[in-house]
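In: Have a look at this fold, sequence not included:
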């Protein structure tokens, strides 16, 4: 490890420690800043999980309430976003357990939210190409969509994804392989 | 070229994206893709799928952060500061304990100061009493300042 990388590692560790301290204090300015900073990534993750903008927003707010309530549980050893996404995921699963007795693993693409109507991911489409890809992603089981997002949009490491989804590394890899293969096949199918 | 090689190539194409591959495997894969149009198509469509996925942008609902900040703020207000209160009282307790232990010495100190300065007994005894009250007064000042700070933030909060 070079001196530069050591410096940046130490800097990141310091930042996380400061963040953990602020969360323990329930520092309102810190929380405001975090909400601003992570709003896009958290909302996108929740939208991928739920396929519903309204549900995603409800869970977005609940997630931040949970961050406030349980801020003392963040120890600063892992990335903040890993902890944040894990909270969001648990809340999503809790919500769906209340709606129907099933886990996120049992949810698949289009039929996962009874009564939700047409895929809300489609409603969010602004461009044709994006809409096409969103539609394809919407056909994937939620557990595949989730890990694909965390790996290829959030750029999380495999061990970090395992921490978020609370599954063994082997399960995460398996979902990534299957999800990517299915997505590729969908892309090929669209091309005819 | 047998089916095993195609399977290996397809797996390496996925593995390269998911967890990375060794240099030797990358070289083998490149050579295979140059001579196998079917596997080259798989590599191309995998890349296309990933590029397409990365290009997706999700528009945020207007005021999303503001609404969350408001809810968090209200919740924080309900709960109040987590540790500041007990920390102040703990500091007061420690101060009182120290005060009891050191009281005889402080008493002598005040008496010496009073006699050195030629002050009436009432003055230096009052000073000694205030010395004891100082931690409690400080704690009250801190708690009041926190309360005023919270009330000011209520006025500033964005909806």
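Out: Okay, I see it. Quick caveat: nothing in here was measured; it's all calculated off a predicted structure. Numbers count the residues shown, from 1 in each chain, chains lettered A, B, ... in the order given.

In: tally of neighbours for the spatially closest residue to residue A:86 that is not a sequence neighbour?
Out: Spatially, and ignoring its direct neighbours in sequence, residue A:86 is nearest to residue A:164 (4.8 Å; C-beta to C-beta, 6 or more residues apart in numbering or on different chains). (Each C-beta comes from the backbone N, C-alpha and C, glycine too.) Residues within reach of residue A:164, counting by other C-beta atoms under 10 Å in any protein chain shown, total 26.

In: Looks like residue A:164 contacts residue A:157 (just checking).
Out: No: the pair residue A:164 / residue A:157 is not scored as a contact, 10.6 Å apart, by C-beta atoms under 8 Å.

In: could you list every residue that touches residue B:65?
Out: Contact analysis of residue B:65 by C-beta atoms under 8 Å, 6 or more residues apart in numbering or on different chains lists A:35-36, A:39.

In: ok, which of those residues also contact chain B?
Out: A:35-36, A:39 (C-beta under 8 Å from any C-beta of the partner chain).

In: So which of these is the closest to residue B:102?
Out: Distance to residue B:102 across these (C-beta to C-beta) is lowest for residue A:35, with 47.9 Å.

In: what helices or strands is the helix or strand where the closest one lies leaning on?
Out: Using DSSP states H and E, residue A:35 maps to helix A:28-50. In terms of contacts (3 or more C-beta pairs under 8 Å, 6 or more residues apart in numbering or on different chains; DSSP states H and E), helix A:28-50 is packed against helix A:3-25, helix A:53-69, helix A:80-99, helix A:142-148, helix B:64-79.

In: what helices or strands is the second one leaning on?
Out: To tie it back to what came earlier, the one meant is helix A:53-69. Applying 3+ C-beta pairs under 8 Å, 6+ apart, one finds that helix A:53-69 makes contact with helix A:28-50, helix A:80-99, helix B:64-79.

In: now the residue of chain B at minimum distance from chain A: how far from residue A:19?
Out: Per C-beta to the nearest C-beta, residue B:52 is where chain B lies closest to chain A, at 4.0 Å. According to C-beta to C-beta, to the nearest Å, residue B:52 and residue A:19 sit 34 Å apart.

In: and if you look at residue A:155?
Out: Taken as C-beta to C-beta, the span from residue A:155 to residue A:19 is 19 Å.

In: lowest average confidence, helix or strand, in the chain?
Out: Using chain A here. The weakest-scoring helix or strand in chain A, judged by mean pLDDT, DSSP states H and E, is helix A:120-123 (a mean of 54).

In: sorry, should have said chain B
Out: helix B:121-156 (a mean of 75).

In: could you say what helices and strands that helix packs with?
Out: helix B:64-79, helix B:84-117.

In: Swap in 6 Å and give it another go.
Out: Judged by 3 or more C-beta pairs under 6 Å, 6 or more residues apart in numbering or on different chains; DSSP states H and E, helix B:121-156 is in contact with helix B:84-117.

In: what residue ranges in chain B score low on pLDDT?
Out: For chain B, applying pLDDT under 70 flags the ranges B:1, B:80-85, B:149-159.

In: need the residues of it near chain A, please.
Out: B:14, B:18, B:45-46, B:48-50, B:52-53, B:56, B:58, B:60-61, B:64-65, B:68-69, B:71-72, B:75-76, B:82 (C-beta under 6 Å from any C-beta of the partner chain).
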